[in-house]
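Asker: the following comprises the amino acid sequence and a computationally predicted model.
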Amino acid sequence: MPERETLHVAEFLGDGISTELSASVHQVAQALPITVQFHPVDLSLETRRRQAAVCYDEAMAAIRAHRIALKYPTVTEKESPNKVLRERCRFSVIHRPVASLPGVPTRHDGKVDLHIIRIAVGGTYEDAGRRIGDDVAVSIRVIERRPSREAALYAFRLARRLSCGVVSSSKHTIQRATDGLFEEIVLEVAREFGDVPHQCELFDALLYKLVRNPEAYRVIVTPNEYGDFLSDMACGMVGSIGLGASANYAFDEHGNVDLAMFDPAGGTAPDIAGQGVCNPSAALLAFGMLLTHSGFRGLGTMLDEAIRATIAAGESTRDLGGPHSTAAFTAAVCRRLTPRA
């Protein structure tokens, strides 16, 4: 009997429902026809309060050793662990797929099948700002060439695989220097992909058109804060932020992915932590993205389809109107993990 392949994954533990999400991912991992070896690092608030520097050093050592990580929600107190990790890992691109799921009630009739590519750094998030007297506050807005180009390249390569076009979106008519630079860089990359259609849309108009006709959009690339807003809005269109998973990428000098971290979009949900009722879908979808990235595309697709089939069958958690606890939902997903012939 052939030896099972082993996948090593750095696992960044967090707060609130993090423990339950981790248990769900581990249960699914055990049902796969490979061995997944998790290497946990405690990034909970309690541990960070005691030894933040040690925590982050351990996290960096783990992700550098294994090149991939799965992160669970963390509380932001003095600093955002997400921001710290993005800076230390030099993550420049965030990929958030958002798609309609049968069985999830929404207030929107359109079908959403989006890939939102967001620059992970800069924008208005680069500088917390400062007060000038009592009545004025200012902050610096930053757009850089390298992460803009990496985000654009990722978007066009993805669109080529999906046989669709790319929409870049910003407020370049108002933010002429910063958003203007972003759009210039996207246009430069677009010239390298003559087979991939490209169009530029103002961000406010994009939001309106996306709500009216989501089927017209597949791959959208934006600066940092626009992608943040758009990602959460898109999750609202499909019925729950609990269905959003993200990938964070850092690239080497040749444009290849060097480090990758995958995480669910939701927060720590302290009001339900420890009750066994949280929805692990986003964490499982993030794990599926990790499998695909790691070369196990068939397993990633199988897991994605199992999650969707479980929800479509009405075996969802209570937040989506189903009857299941976290553990029961996870077990239902595992029963559907049938490798393709």
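Answerer: Arrived safely. Numbers count the residues shown, from 1 in each chain.

Asker: domains in the protein, by residue range?
Answerer: Domain assignment for the chain, taken from automatic domain parsing, gives 1-91+255-341, 106-238.

Asker: go through the ones you listed and name the closest to G244.
Answerer: Nearest to G244 among those is domain 1-91+255-341; the distance by CB to CB comes to 3.3 Å. Where C-beta positions appear, they are placed from N, C-alpha and C, glycine not excepted.

Asker: still on that earlier bit, could you dump the domains of the chain to a markdown table with distance to A245?
Answerer: As requested, those are arranged in a markdown table below (distance: least, CB to CB, whole Å):
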| stretch | distance to A245 |
| --- | --- |
| domain 1-91+255-341 | 4 |
| domain 106-238 | 10 |
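
Asker: Y249: which of those is closest?
Answerer: domain 1-91+255-341 (5.2 Å).

Asker: what's the spacing between that closest one and its chain's center?
Answerer: Remark: domain 1-91+255-341 is offset 11 Å from the chain centroid, using CA atoms, centre = their mean, to the nearest Å.

Asker: quick check: mean pLDDT across that domain?
Answerer: The average pLDDT for domain 1-91+255-341 rounds to 93.

Asker: contacting residues around the one residue sitting closest to the centre of the chain?
Answerer: Closest residue to the average C-alpha location of the chain: S246 at 0.9 Å, with CA atoms, centre = their mean. S246 sits next to 94-96, 231, 262-265, 286 when contact means CB atoms under 8 Å, 6 or more residues apart in numbering.

Asker: do A29 as well
Answerer: If you count contacts by CB under 8 Å, 6+ apart, A29 has them with 36, 38, 287.

Asker: helix/strand/coil for it?
Answerer: When classified by DSSP: H, G, I helix; E, B strand; the rest coil, A29 comes out as helix.

Asker: could I have the CA atoms of the strand or helix carrying E87 written out in CSV?
Answerer: Here E87, judged by DSSP states H and E, is contained in helix 81-89. Output in CSV follows, covering the C-alpha atoms of helix 81-89 (Å, rounded to 0.1, in the frame of the first residue of the first chain):
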residue,chain,number,x,y,z
PRO,A,81,-2.2,40.5,14.4
ASN,A,82,-3.3,40.4,10.8
LYS,A,83,-1.5,43.7,10.1
VAL,A,84,1.7,42.5,12.0
LEU,A,85,1.7,39.2,10.0
ARG,A,86,1.1,41.0,6.7
GLU,A,87,4.0,43.4,7.3
ARG,A,88,6.4,40.8,8.6
CYS,A,89,5.6,38.3,5.8
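
Asker: quick check: next helix or strand after it?
Answerer: strand 93-99.

Asker: show me what counts as buried in that next one.
Answerer: Buried residues in strand 93-99, defined by neighbour count with 16 or more other CB atoms under 10 Å: 93-98.

Asker: ok, back up a step: tabulate the contacts of A29 (CSV), appending neighbour count.
Answerer: Output for the contacts of A29, formatted as CSV (neighbours: other CB atoms under 10 Å):
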residue, neighbour count
V36, 24
F38, 17
F287, 29
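
Asker: just the closest of those to V104, please.
Answerer: Of the contacts of A29, the one sitting nearest to V104 (CB to CB) turns out to be F287, at 19.4 Å.

Asker: can you tell me the SS state at the residue lying closest to R90 once chain neighbours are set aside?
Answerer: Spatial nearest neighbour of R90, chain neighbours left out: A250 (4.6 Å); criterion: CB to CB, 6 or more residues apart in numbering. Under the three-state scheme (three-state DSSP), A250 adopts strand.

Asker: cool, A283 as well?
Answerer: Classified using three-state DSSP, A283 is helix.

Asker: what's the burial count for it?
Answerer: Residues near A283, counting by other CB atoms under 10 Å, number 31.

Asker: tally of neighbours for L162?
Answerer: L162 has 14 nearby residues by other CB under 10 Å.

Asker: show the pLDDT at it.
Answerer: Reported pLDDT for L162: 96.

Asker: just H108 next, same as before
Answerer: Reported pLDDT at H108 in the predicted model: 80.

Asker: report whether D228 is found in a helix, as I expect.
Answerer: Yes - checked against three-state DSSP, D228 lies within a helix.

Asker: so what's the closest residue to it other than its chain neighbours up against?
Answerer: Here the nearest residue to D228 in space, its sequence neighbours aside, is R118; by CB to CB, 6+ apart that works out to 6.7 Å. Contacts for R118 (CB under 8 Å, 6+ apart) come out as 93-96, 151, 221-224, 226-228, 230-231.

Asker: just the element for R308, please.
Answerer: helix 297-312.

Asker: what is that helix packed up against?
Answerer: On a contact count with 3 or more CB pairs under 8 Å, 6 or more residues apart in numbering; DSSP states H and E, helix 297-312 meets helix 281-293, helix 326-335.

Asker: double-check that A159 belongs to a strand.
Answerer: No - judged by three-state DSSP, A159 forms no part of a strand; its state is helix.

Asker: what sits against it?
Answerer: 165-166, 193, 196, 218-219.

Asker: quick check: it vs V196, distance?
Answerer: 5 Å (CB to CB, to the nearest Å).

Asker: check contacts around the spatially closest residue to D195 that is not a sequence neighbour.
Answerer: Spatial nearest neighbour of D195, excluding adjacent residues (CB to CB, 6+ apart): R160 at 6.8 Å. By CB under 8 Å, 6+ apart, the contact list for R160 reads 193, 195-196.
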